[in-house]
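> whatever this is, show me its structure:
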Amino acid sequence: MAGYIEDRWYKKGPDGKRSIPTDLHGKGKRYKVTGIPGVRSRSFPDRQKKAAEAWLAQALAETAKGEFYDPRDGRMSLSEYVEQHWWPARTGDPATLRTVKGRVWNHILPHLGALPLNGIKTAQLRLWLKELDQAIGPSTIGEVWGELSSILQAAVDDERIPKNYCRSQRSVRPPAVPERKARAWSKERVLAVRQAMPDRFQLMVDLGVGAGLRQGEVLGLAVEDIDEEAQVLHVRRQVKKIGAKQVFALPKGQKTRTVPVPPYLLDAVREHLERFPAKKVTLPWGDPAPPATEREAKERAPRTFELITTSATGLAVRRDSWDNRVWKPALSAAGLIPPPETRKQPIRHRPGVSRTVVKYAEARELGFHALRHTFASVQLDAREPIVSVSRWLGHADPSITLRIYAHMMPEADGRGRAAMESWFARPVS
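Numbers count the residues shown, from 1 in each chain. As a prediction, the model looks like this:
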């Protein structure tokens, strides 16, 4: 029979009874439950034989159903589990991993890291959400909640805990995220922002509005991606920032795509290149970290492309710098955000010397992505099929496009009503 209780203090004498003290008599715990396949042995103190018998029965029953969880495995702290098991096994896009790590180490482990895995339940989650609510917004709380749920679900799959309370409790949930509808810009607004930008970067606005490209995709667009004869451009890469370094990478979702473009946009590209010739830029592919294997060395090997948009020094444009030095000043000049605040900031290690710091107001809803929303709006207003617009935008599924842009679709014009009238009026044969 699988599973039994061993008395470590006594062994059987000639009369068949456990009456002879062993060398371990009086040392450590007396009863040892062992012999269950796949289950670690567990010991119980003297006078707790009934507890040992109950645990044996429970372990046998749960093992038979494939539901056994050793409570000792759940005593590991959340921090230990994350650092020793969950995080080392994570793979994926380096930029995404960096974001995930920031959420976990900044918002989860400082609050819950010292708790055992099996101690993270409804009460603990409720208090944690209250603390988060005082520090970050609903959207970020939802993202952080998702990361904790992922960690606890991994612990469930590792058979360390029987239940993920992030998924099983309806009474404790992250706050609802206020709905943010994508907003298109008027032609006047687009032109005002474009006009306020240096000539070198005005084409970026044209590509955002005219082809629906994301900012990183505009920065990664190369001469070879423009097909004037077919009147299309190929979105094959983006410029990404990982830490302080830049890399080339596939577009979001790891999907390349082809977007039809109007003649005026091709003319704009041609005129731009006449004034600001394309420059060859070399960057690592995907991940700037030193490779650990031959495969990584091959995958991350630097690649060179003749980029259409570059800095004045011929380098790949850095998005954060461009946002603060080009985009936000243009928004301010167009009257969309207030003028920046300026202040003097002392320079460390240089007594008496300071530098001027310029800070613009946060304006996420007025980011470069608004140009992409405008592209979608124009296409949908022209009654382009949602499937086509989704493909041009590079969405994984048309349902994503519909969810984001349904409010931009034109109102029904009565054709469906007329069709139904005709259908009902048709005689039945």
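
> show me the helices in the stretch 1-150 of the chain, by range?
Assigned by DSSP state H, counting those that start in this stretch, the helices in the stretch 1-150 of the chain fall at 49-64, 78-81, 94-103, 109-112, 122-133, 138-157.

> any chance of TSV for the ones you listed, columns distance to residue 286?
Bear in mind the C-beta positions are built from the backbone N, C-alpha and C, glycine included. What follows is the helices of the stretch 1-150 of the chain, written out as TSV (distance: least, C-beta to C-beta, whole Å):
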stretch	distance to residue 286
helix 49-64	44
helix 78-81	29
helix 94-103	7
helix 109-112	28
helix 122-133	32
helix 138-157	23
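
> nearest to residue 382 among these would be which one?
Put simply, out of the helices of the stretch 1-150 of the chain the one that sits nearest residue 382 is helix 138-157, at 31.8 Å, with distance taken as C-beta to C-beta.

> I'd like the average pLDDT over the closest one.
Model confidence over helix 138-157, given as mean pLDDT, is 92.

> and the angle for it with helix 122-133?
150 degrees (axes from the mean of the first three to the mean of the last three C-alpha atoms, to 10 degrees).

> so which of the helices of the stretch 1-150 of the chain comes closest to residue 392?
Minimum separation from residue 392 across these (C-beta to C-beta) falls at helix 94-103, 23.8 Å.

> elements contacting that closest one?
Identification of packing neighbours for helix 94-103 by 3 or more C-beta pairs under 8 Å, 6 or more residues apart in numbering; DSSP states H and E yields helix 138-157, strand 238-242.

> may I have the shortest one as CSV, with CA atoms only?
Read that as strand 238-242. Only the C-alpha atoms of strand 238-242 are listed here, as CSV (Å, rounded to 0.1, in the frame of the first residue of the first chain):
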residue,chain,number,x,y,z
GLN,A,238,11.0,50.0,-35.9
VAL,A,239,13.6,51.8,-33.8
LYS,A,240,13.1,50.9,-30.2
LYS,A,241,14.8,52.1,-27.0
ILE,A,242,15.8,49.4,-24.5
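
> who are the packing partners of it?
Other helices and strands packing on strand 238-242, by 3+ C-beta pairs under 8 Å, 6+ apart, are helix 94-103, helix 215-219, strand 245-249, helix 319-322.

> which strands border it, and is each parallel or antiparallel?
Using DSSP bridges, strand 238-242 pairs in its sheet with strand 245-249 (antiparallel).

> the partner strand to helix 94-103, inter-axis angle?
Angular relation of strand 245-249 and helix 94-103 on a 0 to 180 degree scale: 130 degrees, by the same axes, to 10 degrees.

> next helix or strand past strand 245-249?
Per DSSP states H and E, strand 245-249 leads on to strand 257-260 as the next helix or strand towards the C-terminus.

> what's that following strand in contact with?
Contacts of strand 257-260 from elsewhere in the structure, counted by C-beta atoms under 8 Å, 6 or more residues apart in numbering, are 211, 212, 213, 231, 232, 233, 234, 235, 251, 391, 392, 394.

> my read: the last one touches residue 251, true?
Right, the one you point to is residue 394. Yes: with contact defined as C-beta atoms under 8 Å, residue 394 and residue 251 form a contacting pair (5.8 Å).

> which neighbours do the two share?
Among the neighbours of residue 394, those also in contact with residue 251 (C-beta under 8 Å, 6+ apart) are 214, 235, 257.

> out of those, which comes closest to residue 373?
Checking the shared contacts of residue 394 and residue 251 against residue 373 with C-beta to C-beta, the nearest one is residue 214 at 11.4 Å.

> okay, now the closest one: neighbour count?
Residue 214 is surrounded by 20 other residues when neighbours are defined as other C-beta atoms under 10 Å.

> roughly how far apart are it and residue 23?
With the distance defined as C-beta to C-beta, to the nearest Å, residue 214 ends up 72 Å from residue 23.

> buried residues in the strand or helix carrying residue 269?
In the assignment (DSSP H and E), residue 269 maps to helix 263-275. Under the neighbour-count criterion of 16 or more other C-beta atoms under 10 Å, helix 263-275 has 265, 266, 268, 269, 272 buried.

> following the chain onward from it, which element is next?
Once the chain leaves helix 263-275, the next helix or strand it forms, by DSSP H and E, is strand 279-283.

> what does that following strand rub up against?
Under the contact criterion C-beta under 8 Å, 6+ apart, strand 279-283 has outside partners 239, 246-248, 302-307, 310, 314-316.

> what is the nearest of these to residue 383?
Top of the list for closeness to residue 383, among the contacts of strand 279-283 and by C-beta to C-beta, is residue 239 at 33.9 Å.

> okay, the buried residues of helix 263-275 in JSON lines with distance to residue 177 and pLDDT next?
Shown next, in JSON lines, are the buried residues of helix 263-275 (distance: C-beta to C-beta, whole Å; pLDDT from 0 to 100):
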{"residue": "265", "distance to residue 177": "35", "pLDDT": "93"}
{"residue": "266", "distance to residue 177": "40", "pLDDT": "94"}
{"residue": "268", "distance to residue 177": "37", "pLDDT": "94"}
{"residue": "269", "distance to residue 177": "38", "pLDDT": "96"}
{"residue": "272", "distance to residue 177": "39", "pLDDT": "97"}
